[in-house]
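S.K.: any chance you can model this:
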Amino acid sequence: MSKVRIIACSLCIAVLLASTASAADRVSASEKGSLLIYPKVELRWDTSGNLIQDTIIEMTNDYPADVEIQMFFVHGDQYLEAYPPERAHPGWHWVNNEFTLTHNDPVYWSAATGMPAGTSPFTILDPGDPAHGIPQGRPAMDGTSDRVLRGYIIAWAVNYEGKKIRWNHLCGKATLIHYMDGSAWSYNPYSFQTDYVSGNGDLIGGEPGVLHLDGEEYDACFDTLLLDFFAPGSSALSNGGRTVFSDTDLTVFPVDADLRQETEGPVTTKIKFAICNENEICYSNTERCITGWDQQLLSMYDAPNHFLLANLQTDKGKARLNGIASPVECGEHSQNAAILGVAMTMLDFGGDFARAGSNLVGMGTESAVIQMDPREDNTQEKTFSTQILGKANATGIKTVGRTATLEIDDMEIPAE
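M.R.: Next up is the predicted model:
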């Protein structure tokens with residue numbers, strides 16, 4: 001009897017350890033990691049050019065030693081042709097930054113200014129010149145008169161030669177502050193750990209300039225995302241004599257990214273939504289082709305839109321999201337893709353607004369690959385000085401679209 005109990009107990013422990021290992025090899029939004037992805041950075045201006053929304057990026061090195069951080073700021077929107085008086089806008093491009101996080105160092109910066117950390121401002125991706133009548137950002141085209149600049153950030157630990165290393169001690173937060181209506185919401189970046197090597201600071205190795213998010217080099221991505229939502233148009237949250245209507249702003253993007261100068265362009269995938277209402281009735285024909293990055297209110301999705309209250313038939317719903325290839329609907333180059341995202345619930349109190357958001361829940365595992373040009377030699381120094389406050393250098397802006405390619409190397413941004 002004792003022997004049987006020991007064997008059974010051993011089997012239970014083995015199953016538990018296997019389950020734990022499996023969970024540990026998958027991306028998280030609640031643990032530290034060696035690679036962080038901030039899915040949503042958004043700046044907004046009013047028609048007078050006043051900044052009405054900023055994104056504050058926080059990043060922390062929770063370890064008693066310095067570490068270099070490589071970052072890519074990626075523009076989310078596509079190239080937009082000029083339609084006078086509106087200027088042309090670049091799209092699907094990026095800028096590369098590096099800086100040093102000192103030991104046990106928490107830093108933050110405004111996406112609008114890059115300060116106080118001294119990173120490139122996000123506006124470098126689509127610079128305006130308000131002093132000469134060229135406004136910041138592009139028309140939001142979301143029913144408001146706002147102008148917007150948006151995208152996401154990828155950041156990971158490297159050594160002084162720019163090579164990826166194990167450093168499972170990074171964490172952070174992004175806070176989107178809407179100054180016009182006095183509201184804000186936050187989310188944690190998605191965190192990818194690596195156990196490809198055992199020692200902190202050890203070189204991960206592998207192919208230079210390639211990040212494999214596959215459960216071996218770095219944690220794998222999710223296979224499917226889960227969104228809980230209140231139907232746009234629902235007033236289920238009304239109380240206290242106030243009528244409250246809700247809508248959800250959904251941001252989602254394929255994790256695969258080609259950030260090389262000789263890029264093959266952004267990834268296109270079809271987001272297939274499996275939507276269910278409170279009566280367990282499910283709908284499967286709401287779909288959306290996305291390229292590179294996508295943000296939209298659920299109320300503004302194309303028909304058939306089963307997020308809407310009139311079509312969902314209940315106030316509450318859930319949706320599973322999967323990125324799949326669809327050559328017929330999304331083009332011959334569309335592909336299956338791991339996706340990540342965040343959702344922001346917007347509550348309308350009759351003209352007064354409140355916002356709350358979170359990361360999307362994930363299930364299963366799927367691999368993704370992020371590519372960039374490796375550092376060719378040691379003559380290209382890290383693009384930030386070891387002092388976190390000071391000048392920053394931005395390298396390798398790349399534009400993809402029908403405009404000419406724009407490449408800016410070693411462009412200095414003076415310290416304030």
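S.K.: ramachandran coordinates for Val210?
M.R.: phi -130, psi 130 (degrees, to the nearest 10).
S.K.: quick check: which element contains the closest residue to it other than its chain neighbours?
M.R.: Excluding the flanking residues, the one nearest Val210 by C-beta to C-beta, 6 or more residues apart in numbering is Gln371, at 5.4 Å. Yep, even glycine has a C-beta here, placed from its N, CA and C like the rest. Using DSSP states H and E, Gln371 sits in strand 368-372.
S.K.: direction included, what does that strand pair against?
M.R.: strand 210-213 (antiparallel), strand 257-259 (parallel) (DSSP bridges).
S.K.: put the alpha carbons of that strand into CSV.
M.R.: Output of strand 368-372 as CSV, limited to C-alpha atoms (Å, rounded to 0.1, in the frame of the first residue of the first chain):
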residue,chain,number,x,y,z
ALA,A,368,6.2,34.3,-33.4
VAL,A,369,9.4,35.8,-34.8
ILE,A,370,10.6,39.4,-34.5
GLN,A,371,13.4,40.3,-36.9
MET,A,372,15.7,43.3,-37.0
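S.K.: quick check: Ala325 touching Asn336?
M.R.: Yes - between Ala325 and Asn336 there is a contact under C-beta atoms under 8 Å: 5.1 Å.
S.K.: okay, and the common contacts of these two?
M.R.: Common neighbours of Ala325 and Asn336, using C-beta atoms under 8 Å, 6 or more residues apart in numbering, are Thr269.
S.K.: quick check: end-to-end length of stretch 249-258?
M.R.: From its first residue to its last, stretch 249-258 covers 26 Å (C-alpha to C-alpha, to the nearest Å).
S.K.: how far does that stretch sit from its chain's centre?
M.R.: Averaged C-alpha coordinates place stretch 249-258 at 7 Å from its chain's average position (C-alpha atoms, centre = their mean, to the nearest Å).
S.K.: contacting residues around the nearest residue to Gly137 once chain neighbours are set aside?
M.R.: Closest residue in space to Gly137, ignoring its immediate chain neighbours: Arg147 at 3.6 Å, by C-beta to C-beta, 6+ apart. By C-beta under 8 Å, 6+ apart, the contact list for Arg147 reads 44-47, 135-140.
S.K.: what comes up buried for the helix or strand encompassing Met346?
M.R.: Secondary structure from DSSP H and E places Met346 in strand 339-348. Neighbour counts over strand 339-348 (16 or more other C-beta atoms under 10 Å) mark 339-347 as buried.
S.K.: reformat those residues as TSV; add distance to Asp66.
M.R.: Below are the buried residues of strand 339-348 laid out as TSV (distance: C-beta to C-beta, whole Å):
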residue	distance to Asp66
Ile339	34
Leu340	29
Gly341	32
Val342	30
Ala343	35
Met344	35
Thr345	39
Met346	40
Leu347	43
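S.K.: pLDDT and distance to Ser110 added to these, as JSON lines?
M.R.: Shown next, in JSON lines, are the buried residues of strand 339-348 (pLDDT from 0 to 100; distance: C-beta to C-beta, whole Å):
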{"residue": "Ile339", "pLDDT": "98", "distance to Ser110": "28"}
{"residue": "Leu340", "pLDDT": "98", "distance to Ser110": "23"}
{"residue": "Gly341", "pLDDT": "98", "distance to Ser110": "23"}
{"residue": "Val342", "pLDDT": "98", "distance to Ser110": "19"}
{"residue": "Ala343", "pLDDT": "98", "distance to Ser110": "23"}
{"residue": "Met344", "pLDDT": "97", "distance to Ser110": "19"}
{"residue": "Thr345", "pLDDT": "96", "distance to Ser110": "24"}
{"residue": "Met346", "pLDDT": "94", "distance to Ser110": "22"}
{"residue": "Leu347", "pLDDT": "95", "distance to Ser110": "26"}
